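Trainee: for reference, the sequence and a predicted model appear below.
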Amino acid sequence: MSRRPIVVGNWKMNKLPSEAAAYIKEVGPMLVQYEGVDTVLAGQDVLLDAMVYAARNTPICIGAENVYWEDRGAYTGETSPAALADLGIKMVIIGHSERRNYFRETDEMVNLKTLAVLRNGLMPIVAIDEAVQLESSNDHAHWIVNQVVESLKGVTEADMANVMLAYEPTAAIGSGQAMSPEIAQKSLWIIRQTVADMFNQAVADNLRILYGGSVKPTNVYDILSQPDIDGVLVGDAALDASTFIELVSLAE
Ligand code: PEP
């Protein structure tokens, strides 16, 4: 079993359309040499058109940071998964801890979004967080298992080929202090075992699981050396084009 490494940059709400295009024009040609790594850049909706255009003929896949669960209708201000697919978007981050904490996204909403994204032929990157102080390792495992089970309700075994999960401990996000790779590995192992229990071992073995939380060039190699960590979801360090290239080079 070999899972291709993947580096996902999550720009959050930090770039203007003109900056997005300039970044991709700089990074795109440089990434051609790292054939062994998948690269994704996710931006806020208003950037996506410019990002898709700039990323033509580059290995960069463009992702969205959020989506609604209906394809069409009277949902002013929401983004349709069908519209994202039509625009050429390939992946969508769902349930990021900032969505869960600031915008009250529940596991049920994450599940609806995951199903909607799959229905439209897009790949969900479902974020699993740790937003609460957990008293014991049992609570910790239960918290993770519950999110995985609730997020993936109704997802079929065939769909799982298009799903990725991202473990993002909230305390590590934007703090500059990544979780120790060995401790993160334990949570990713729990996530993979949960998927094996829900589906089967082959689905779990093929699933790519990412770690997110203060990933930088100085720690990405150690993080990706863990057996269950297949990729990284990167916020701050992905804002700078040359740092993003460095991360991809270290991931190969
Ligand atoms: C994130 O927002 O998904 C993230 C991991 O951010 P950072 O790398 O800045 O911690």
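Mentor: The structure has been received and is ready for your questions. Numbering: from 1, shown residues only.

Trainee: quick check: chain neighbours aside, which residue is closest to the residue in the stretch 151-252 of the chain positioned nearest to the ligand?
Mentor: Among the residues of the stretch 151-252 of the chain, Gly235 lies closest to the ligand, at 2.3 Å counting by Cβ to the nearest ligand atom. No exception for glycine: its C-beta is placed from N, CA and C like everyone else's. Leaving aside its chain neighbours, Gly235 sits nearest to Asn10 (5.2 Å; criterion: Cβ to Cβ, 6 or more residues apart in numbering).

Trainee: so stretch 238-249, near the ligand or not?
Mentor: No: on the criterion Cβ under 6 Å from any ligand atom, stretch 238-249 is out of touch with the ligand, staying 7.2 Å away.

Trainee: so what's the residue count around the residue nearest to Gly235?
Mentor: A count of nearby residues for Asn10, using other Cβ atoms under 10 Å, gives 26.

Trainee: the longest helix anywhere in the chain and the ligand in contact?
Mentor: Longest helix of the chain, by residue count under DSSP state H: helix 181-198. No: counting by Cβ under 6 Å from any ligand atom, the ligand is not contacted by helix 181-198; separation bottoms out at 11.8 Å.

Trainee: show residues contacting that helix.
Mentor: The contact list for helix 181-198, computed with Cβ atoms under 8 Å, 6 or more residues apart in numbering, reads 128, 130, 140-141, 144-145, 148-149, 152, 160, 165, 167, 169, 178, 203-204, 207, 209, 211, 213, 219, 222-223, 225-229.

Trainee: kindly report the same for stretch 16-36.
Mentor: 4-5, 11, 15, 39, 41, 43, 46-47, 50-51, 53-55, 57-60, 241, 244-245, 248-249, 251-252.

Trainee: re the thing from before, of the contacts of helix 181-198, just the buried ones, PyMOL syntax please.
Mentor: The buried residues among the contacts of helix 181-198 can be selected in PyMOL (16 or more other Cβ atoms under 10 Å) with this line:
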select buried, resi 128+130+140+141+144+145+148+152+160+165+167+169+178+203+204+207+209+211+213+219+223+226+228+229
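
Trainee: so which of the contacts of helix 181-198 reach the ligand?
Mentor: Near the ligand, by the rule Cβ under 6 Å from any ligand atom, you find Gly213 out of these.

Trainee: where along this structure do the strands fall?
Mentor: 6-10, 38-43, 60-64, 91-94, 123-129, 164-168, 208-212, 231-234 (DSSP state E).

Trainee: stretch 29-41 vs the ligand: in contact?
Mentor: No: Stretch 29-41 stays out of contact with the ligand when judged by Cβ under 6 Å from any ligand atom, the minimum separation being 12.0 Å.

Trainee: any low-confidence regions in the stretch 101-250 of the chain?
Mentor: 131-137 (pLDDT under 70).

Trainee: please enumerate the helices of it.
Mentor: Under the criterion DSSP state H, counting those that start in this stretch, helices of the stretch 101-250 of the chain are mapped to 107-119, 137-151, 181-198, 201-206, 220-224, 241-251.

Trainee: gap between the most centrally placed residue in the chain and the ligand?
Mentor: Note on the chain: the residue nearest the mean C-alpha position is Ile125, at 4.1 Å, using Cα atoms, centre = their mean. With the distance defined as Cβ to the nearest ligand atom, to the nearest Å, Ile125 ends up 10 Å from the ligand.
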